[in-house]
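*Asks:* here you go, sequence then predicted model.
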Amino acid sequence: MTDAPPDPRSRTAEVVRETRETRIRVKLDVDGTGVCRIRTGIGFYDHMLDSFGRHGGFDLEIEASGDLHIDMHHTVEDVGIVLGQAFAQALPGFRGVRRFGHAYVPMDETLTRCAVDLCNRPYLIWRVQFTRDKLGDFDTELFREFHQAFAMNAGACVHLETLYGENNHHIAESGFKALARALRTAVEIDPKTAGQAASTKGVL
């Protein structure tokens, strides 16, 4: 019944997406403890996704195999797609949750802000600038591709902004952590909603 409060034990999802370019499997428990097993074949990306899961308090299993002999773009984007789909599946209609969340994450000289609305009107505002094209062999432009893919497929409106920062590693990592912390608040069960969507429309 749609008017029943959501059962925290059921806020899980497993999504598999296979194309000619990638095969992605994501298993998500929104109410986990931040236990992560990430294998994308891209070391720095694994680190970012692990930070996302741990700081969001989400249990995450991500397995990805892709055409890394070409470049990392397809793998990075497709993981964002499937992770977003997993959140949408685990939180159907965003019923019973707080819906909004925000976070400020400092990381040494860097400060990043993220605000999230789980509204089924996906949008990304991206105000993040890198001073290098690559971190190791990872193209920094791919960070935007991940966040765009995640927002569009989760049904989330995401505003992510680095207020200031110099170290590109810190800029990237604080962004993943800020998104995670904002989502952590947004997905909390709000008993005042009585299991309904937090909207005057009654549905999102």
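*Replies:* Perfect, I can see it now.

*Asks:* what's the closest non-adjacent residue to residue 23?
*Replies:* Distances taken as CB to CB, 6 or more residues apart in numbering place residue 65 nearest to residue 23, at 5.1 Å, with adjacent residues excluded. Backbone N, C-alpha and C define where each C-beta goes, glycine included.

*Asks:* now the residue nearest the centre of the chain: which helix or strand?
*Replies:* The chain has residue 150 as the residue nearest its centroid, 5.7 Å off, counting by CA atoms, centre = their mean. Counting by DSSP states H and E, the element that carries residue 150 is helix 142-154.

*Asks:* now that helix: mean pLDDT?
*Replies:* What helix 142-154 shows for mean pLDDT is 98.

*Asks:* what ranges do the strands span in this protein?
*Replies:* Ranges of strands in the chain, per DSSP state E, are 12-18, 22-29, 36-39, 59-66, 100-107, 110-118, 123-127, 134-135, 138-139, 156-164.

*Asks:* show me how far the second one is from its chain's centre.
*Replies:* Its chain's average C-alpha position is 13 Å from that of strand 22-29, according to CA atoms, centre = their mean, to the nearest Å.

*Asks:* okay, now the sheet partners of that strand, with direction.
*Replies:* strand 12-18 (antiparallel), strand 59-66 (antiparallel) (DSSP bridges).

*Asks:* I'd like the ones you listed written out as TSV, with distance to residue 162, mean pLDDT and mean neighbour count added.
*Replies:* Output for those, formatted as TSV (distance: least, CB to CB, whole Å; pLDDT from 0 to 100; neighbours: other CB atoms under 10 Å):
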stretch	distance to residue 162	mean pLDDT	mean neighbour count
strand 12-18	29	98	16
strand 59-66	24	97	20
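
*Asks:* picking that back up, so what's the residue nearest to residue 23 up against?
*Replies:* Residues near residue 65 by CB atoms under 8 Å, 6 or more residues apart in numbering: 22-23, 41.

*Asks:* which of these are buried? Put it as a PyMOL command.
*Replies:* Buried residues within those, by 16 or more other CB atoms under 10 Å, are selected in PyMOL with:
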select buried, resi 22+23
